[in-house]
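[1] Below are the sequence and a predicted model; questions follow.
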Amino acid sequence: MGKPLDSIFFVGPMGAGKTTIGKLLAKKLGRKFIDSDWYIQECTGADIPWIFEKEGEEGFRQRETSALDELTKLPNLVLATGGGAVMRKQNRKMLQERGLVVYLNASVDVQVERTRKDKNRPLLKNPSPRQVLHRLYTHRHPYYQQLADVEVITGHTYPKQMVAEIIEALYKLGYEFDIQDNATT
């Protein structure tokens, strides 16, 4: 008899695929999916760039911590967190204590490719997004790894294959869960 699988929280840099992979995994497991950034936007009625502009990064991070406190208490959830969520000790504690953490590890090259046309990334409104992504990755990577129950390298395969890798890793960790037959991988 395996151990029950509670909520799953995705961490990793911007452009790693947390939302894409999270949605697919949630469907496969028959669970609800929430992206914390979308949740913050829904609750505030404002998009992330506007929040950054009006309240600064610190204001956004306060909203993020409040959202994570609510969301990580929900049962059987698949949650995609923002790339910087791991920078607050309080957030790391919530993620680690309230569910299983999956780190989607994307190289800086993968991040650059996936974010280059995205206008909703305030931290990349900079003349050198590659440098910003490199600096953020270098600073945040140890936190992602410290939190991770499962780490998956992104950018080398299709999303459905990554979901299969995560499911395999969960089985190896001894978790027991149902797979939705109508959800293909």
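    Sure, I can see it.
[2] where does this structure have its least confident helix or strand?
    helix 108-115 (a mean of 84; mean pLDDT, DSSP states H and E).
[3] same for it, what does it pack against?
    When contacts are defined as 3 or more C-beta pairs under 8 Å, 6 or more residues apart in numbering; DSSP states H and E, helix 108-115 sits against helix 129-147. Glycine gets a C-beta too; all of them are placed from N, C-alpha and C.
[4] Okay, buried residues for the helix it packs on please.
    Within helix 129-147, the residues scored as buried using 16 or more other C-beta atoms under 10 Å are 129, 132-134, 136-137, 140, 143-144, 147.
[5] what does the longest strand seen in the chain rub up against?
    The residue-count maximum for a strand in the chain (DSSP state E) belongs to strand 100-105. Residues outside strand 100-105 that contact it (C-beta atoms under 8 Å, 6 or more residues apart in numbering) are 5-12, 16-18, 21, 95, 141, 144-145, 147-154, 162, 166, 170, 175.
[6] residue ranges with poor pLDDT in this protein?
    Counting by pLDDT under 70, the chain shows low-confidence ranges at 1, 117-124, 182-185.
[7] Check the offset of stretch 131-143 from the chain's centre.
    15 Å (C-alpha atoms, centre = their mean, to the nearest Å).
[8] Endpoints of stretch 23-39, how far apart?
    14 Å (C-alpha to C-alpha, to the nearest Å).
[9] tell me which residues in that stretch are buried?
    Buried residues in stretch 23-39 (16+ other C-beta under 10 Å): 23-29, 31, 33-37, 39.
[10] Between those, which sits nearest Arg88?
    Ser36 (12.7 Å; C-beta to C-beta).
[11] Please report how far that closest one lies from Glu70.
    Ser36 is 10 Å from Glu70, where distance means C-beta to C-beta, to the nearest Å.
[12] can you check Glu165 too?
    Taken as C-beta to C-beta, the span from Glu165 to Glu70 is 29 Å.
[13] Now do the helix or strand where Lys160 lies against strand 100-105, angle only.
    Here Lys160, judged by DSSP states H and E, is contained in helix 159-172. Calculated by axes from the mean of the first three to the mean of the last three C-alpha atoms, to 10 degrees, helix 159-172 forms an angle of 140 degrees with strand 100-105.
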